[in-house]
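Asks: Got a predicted structure plus its sequence, pasted below:
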2 protein chains.
Amino acid sequence: MRRWNGWGDTATSMDLPAQGLSFLGERIGSGQPLADATLDTVKAHVPPSRLQGIADATGVEVSHDAETRIRHARGQSLADWLAMRSGDFGAFPDAVAFPRSSPEVRKLLVHCARHDIVVIPYGGGTSVAGHINPVEDSARPILTISLSRMNSLLDLDEESQVATFGAGVAGPHLEAQLRAKGFTLGHFPQSFELSTLGGWVVTRSSGQQSLRYGRIEQLFAGGRLELLRGDGKALDIPAFPASAAGPDLREWCLGSEGRMGILTEVKVRVTRLAEKETFLAFFLPNWNKARDAARALVQSRTQLSMLRVSNAVETQTQLALAGHPGQIAWLERYLGWRGASEGKCMMTLGVTGSRAQVSAVKQQLKHVLSDFNAVSTGELLGRKWAEKRFMMPYLREALWKQGYVVDTLETATNWRNVDRLLNAIEDNLRTAGPKAHVFTHLSHVYSQGCSIYTTYVFPCAGSYEDTLKTWAKLKHSTSAIIVEYGGTISHQHGVGKDHAPYLPAEKGEVAMDAIEAVMKHFDPAGLLNPGTLLADAPGVRLPEQLAGD
Amino acid sequence: MRRWNGWGDTATSMDLPAQGLSFLGERIGSGQPLADATLDTVKAHVPPSRLQGIADATGVEVSHDAETRIRHARGQSLADWLAMRSGDFGAFPDAVAFPRSSPEVRKLLVHCARHDIVVIPYGGGTSVAGHINPVEDSARPILTISLSRMNSLLDLDEESQVATFGAGVAGPHLEAQLRAKGFTLGHFPQSFELSTLGGWVVTRSSGQQSLRYGRIEQLFAGGRLELLRGDGKALDIPAFPASAAGPDLREWCLGSEGRMGILTEVKVRVTRLAEKETFLAFFLPNWNKARDAARALVQSRTQLSMLRVSNAVETQTQLALAGHPGQIAWLERYLGWRGASEGKCMMTLGVTGSRAQVSAVKQQLKHVLSDFNAVSTGELLGRKWAEKRFMMPYLREALWKQGYVVDTLETATNWRNVDRLLNAIEDNLRTAGPKAHVFTHLSHVYSQGCSIYTTYVFPCAGSYEDTLKTWAKLKHSTSAIIVEYGGTISHQHGVGKDHAPYLPAEKGEVAMDAIEAVMKHFDPAGLLNPGTLLADAPGVRLPEQLAGD
């Protein structure tokens, strides 16, 4: 069963090895565990629902029970985590609907428009930016619409390699349905186990192997958006391989974060399963070499499916958390002997394709990497990475038990600006709050630049309230640095409510005016997911407000 | 000097070889040359300008002379061609401005907003869909704004591989400025010699080597759009390598066709010049094998820079027009002996990259193509193609002299729909009008589908008027077939005025409402390029109106 107050299934967990714990203790002191609220306590605090009769009026399954409302009230940001663990949830949806088809979604939307009900679309509930959190609204009740029942492969055109899915399909179920027919979407965000196709599209998600398969922007071929329009008309976006026929409505859905309508059916570009796939780990002697090697590989269009570069602290942390201290010590000796000791940085590469392609690319990348004194360690570490590729979110549970919180921040910028921005982010996280363990990798690379993905761990402050304030201060001040230093406020997590206050600095007034005009065109009454993307709803507990308490 | 009534420079022309002419005569009868109007005759018919004082008010260079207005009145569609050759131009801009900077464009726009002047942005004047044609407007004067003076490389970030150009830079000048520093944009549309970067962006252009470099959508990283807003604020789009920060304003500029504002500065993703580039020609025994081989190559992600497939009639036509009948006869014998005779189809491939990449890809493609009984003819025909890659537009001049007109139509669709759509297009062109010579190639391939590019040649009908009516009937009926049969109304030429009537069938009412709302947001008074993209201006001579005369 899925955890009501954390990540993933209760049957799955990830333990922190003993050396990992002492590694952390040495750096930021021991953790301070906080007591968790129980589900029953939270249930007792859920207010009565202000909604009734929707199921009768629409024929759609609607749940008003406390547990369902709790399970759809929060995502997976650190603020959400602290809310769930403390039991202090703030607002709840008044009900959760479970439509089974596009026409059912349409009926719900028509009903909500008629009765002035706020609508929140819900995919996998994995947002780390507050996308699906209800905003307290004393005047208008809130209906969360879960797409979870709409999870089937509706059509597969094998010749054109286009698959049509219900938008609520989660990663593993999507891949299972495609793999049964010899295909893959190849979209593997860290949240893959729970996040959904519709969520990926409306938040502009990026998967670990985007170098081969593209971001969701490249995979999204078309689909259907159900709207609030009184006439019940939907936005049907045709799936062309390419088009010069004016504005591309796909691009308006991408990143719309539930403010235009609800994406119900999604057409995606799929690929035949590759003959061969391998993940390789190399070690570079220092950060400059590692970053430059990544840039050289992507700018030379070496046909990789993945390229990640960890900085020295992340490399050291990964080796400490890997377990198997004997093997790691041997590896360290080998790397030292080959010239990669203190300051070494790990690069993980994916190569995917036909046998001939994989073997050609392995040759090419060895050739490029030799210019940067890279040391190959073969496939073992890469295989380990691939095995655990979706396990990182479970680490929060393991650290929490030990009294630590962990969060991540991410952005993207041009190559010329990478070090300046990365250093500003890390410096701020290290100095603006308590002693924190901070490390970074570049997770997605482009010829123009890359994403910067920073993890920070710090011990819980004596209480939930203080821990939330500490986090809010770090999140707020670092978000401000990201936009000030020329990064985008998000490379892959989206805007949600947490990043909305930083969007105007990035896009400018003219762009914000235009975005608001489009959202208003689709939703004149402001019923669709208020406070998300545009900071236009009162009552959101923004980081700076919390920090100022 | 550039031709005032046709394509390209007067110093350049392309002759039709004698065998080509007899090849055509056998198929569609002999041509019927029409007499050309002289520039002086046209000048005498240019009405007085309704604009004055703009230069004084704004400080920007403005020309009111007849020849300049003639030279900016028409693009390169067949209707434009007939207008220029007959001298029957219809409307002219009242003046043409030549700003040198973004602030100058801004001044012009502020002036036009204040004085209710219609604005047409002008890049290279190469539109084949009526983008830059003024619409007769008895109430409002028309100012065409040429971006031709804004053609410099303003910045090159070699590390991030981002170049900033003035939007009016034409292909050869853009490439020359980049190549001097070891870079290329790699965007080579057929119109490369004259078309401009800004025009490519706002019409969603695609270049011949888009398989390597991407369409202009992938190359366009950001830039500046000057607006009609009274406050003089521009839309500055930051250049990130990727972002999940909500709607992407780049995508709103792409395909906006001058209706949102004027793109003045463009940031593009550039690439270091490749070590090696080669073009290869293969012959496939028939169309089914050729089409399937193209699909196999692109779906297996073989790292090509170009892939074009000519159908049997186009293959035959190319060989007939190539000249060198002796060599061609020898080639035909060789191909026949290898199993590719009647019905054979030519595939032209580009391979670009490092030496290692090119050699690996050549191996891979031979492996894939051998499954389809492809016969390699090496690099000679590919080299010939590359030498003449931008010469095709000159063929219209050569055919015209012989009394023939030539036009092209293009679309894109999913692989599953290619034959159905292609056959419907060709059948209509062969049967709806006079005897026409019709042939097709697939010029851009994607895993999902491809573009379909059809050329048709027919003899001029006794008069200009009748020739225009014949063309309008063919253009109109085939455009209707394209959208009815599930193609996009344009893969690479854009919408302009000629395709605008077909856009609603492709996008649907909901999308059209939304696009109109955005354009209205940026241009409430409807001053920007009316009639383009949206069929909202009276007085456009639509093909069906001409056909109905």
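Replies: Nice, thanks for sending it over.
Asks: And for A:Thr278, the neighbour number?
Replies: 17 (other CB atoms under 10 Å in any protein chain shown). C-beta: built from backbone N, CA, C; applies to glycine.
Asks: Can you verify it is assigned to a strand?
Replies: Yes. Counting by DSSP: H, G, I helix; E, B strand; the rest coil, A:Thr278 is part of a strand.
Asks: List the contacts of the closest residue to A:Asn5 other than its chain neighbours.
Replies: For A:Asn5, ignoring the flanking residues on the chain, the nearest one in space by CB to CB, 6 or more residues apart in numbering or on different chains is A:Met84 at 3.8 Å. With contact set as CB atoms under 8 Å, 6 or more residues apart in numbering or on different chains, A:Met84 has these partners: A:Trp4, A:Asn5, A:Gly6, A:Ala37, A:Arg74.
Asks: Just the buried ones out of these, please.
Replies: A:Asn5, A:Gly6, A:Ala37, A:Arg74 (16 or more other CB atoms under 10 Å in any protein chain shown).
Asks: Read off the pLDDT value for whichever residue of the stretch 51-200 of chain A sits closest to chain B.
Replies: In the stretch 51-200 of chain A, no residue comes nearer to chain B than A:Ser160, which is 3.8 Å away by CB to the nearest CB. A:Ser160 is assigned a predicted lDDT (pLDDT) of 98.
Asks: Likewise for A:Ala547?
Replies: At A:Ala547, pLDDT is 55.
Asks: Just give me the residue closest to the centre of chain A.
Replies: A:His493 (4.3 Å; CA atoms, centre = their mean).
Asks: A:Thr411 is in contact with that one, correct?
Replies: No. Counting by CB atoms under 8 Å, A:Thr411 is not a contact partner of A:His493; they are 9.7 Å apart.
Asks: Show the end-to-end separation of stretch A:35-55, please.
Replies: Using CA to CA, to the nearest Å, the end-to-end distance of stretch A:35-55 comes to 38 Å.
Asks: Identify all contacting residues around that stretch.
Replies: Contacts of stretch A:35-55 (CB under 8 Å, 6+ apart): A:4-5, A:60-62, A:64, A:66-67, A:69-70, A:84-89, A:92, A:94-95, A:97, A:108, A:111, A:117, A:141, A:143.
Asks: That stretch: which residues count as buried?
Replies: A:Ala37, A:Leu39, A:Val42, A:Val46, A:Ser49, A:Leu51, A:Ile54, A:Ala55.
Asks: element containing the last one?
Replies: Yep, that's A:Ala55 we're talking about. Here A:Ala55, judged by DSSP states H and E, is contained in helix A:54-58.
Asks: Quick check: which helices or strands does the helix or strand just after that helix pack against?
Replies: Per DSSP H and E, the first helix or strand lying C-terminal to helix A:54-58 is strand A:62-63. When contacts are defined as 3 or more CB pairs under 8 Å, 6 or more residues apart in numbering or on different chains; DSSP states H and E, strand A:62-63 sits against strand A:95-97.
Asks: Can you give the distance from the strand it packs on to the centre of its chain?
Replies: 24 Å (CA atoms, centre = their mean, to the nearest Å).
Asks: Contacts made by that strand with the rest, please.
Replies: Residues contacting strand A:95-97 (CB under 8 Å, 6+ apart): A:49, A:51, A:54, A:58, A:60-64, A:68-69, A:72, A:108, A:122, A:141, A:143-146.
Asks: re earlier: okay, now the residue of the stretch 51-200 of chain A closest to chain B: neighbour count?
Replies: Other residues close to A:Ser160 by other CB under 10 Å number 26.
Asks: before we move on, the earlier item: kindly indicate whether the residue nearest to the centre of chain A is helix, strand or coil.
Replies: A:His493 - assigned by three-state DSSP - is coil.
Asks: OK, contacts around it?
Replies: Per CB under 8 Å, 6+ apart, neighbours of A:His493: A:Ser127, A:Val128, A:Ala129, A:Thr203, A:Glu410, A:His499, B:Ala244.
Asks: Kindly recompute the last result at 7 Å.
Replies: A:Val128, A:Ala129, A:Glu410, B:Ala244 (CB atoms under 7 Å, 6 or more residues apart in numbering or on different chains).
Asks: Just say helix, strand or coil for A:Pro308.
Replies: Residue A:308: Arg, not Pro. When classified by three-state DSSP, A:Arg308 comes out as strand.
Asks: so what's the residue nearest to it when sequence neighbours are not counted bridging to?
Replies: Ranked by CB to CB, 6+ apart and with sequence neighbours excluded, the top spatial neighbour of A:Arg308 is A:Thr348, at 4.7 Å. Using DSSP bridges, the beta-bridge partners of A:Thr348 come out as A:Ala281, A:Arg308.
Asks: burial count for A:Thr348?
Replies: 23.
Asks: ok, it touching A:Phe279?
Replies: Yes. The pair A:Thr348 / A:Phe279 is scored as a contact, 6.3 Å apart, by CB atoms under 7 Å.
Asks: which residues are common contacts for those two?
Replies: A:Gly382, A:Trp385.
Asks: Against A:Ala505, how distant is A:Glu251?
Replies: With distances taken as CB to CB, to the nearest Å, A:Glu251 is found 22 Å from A:Ala505.
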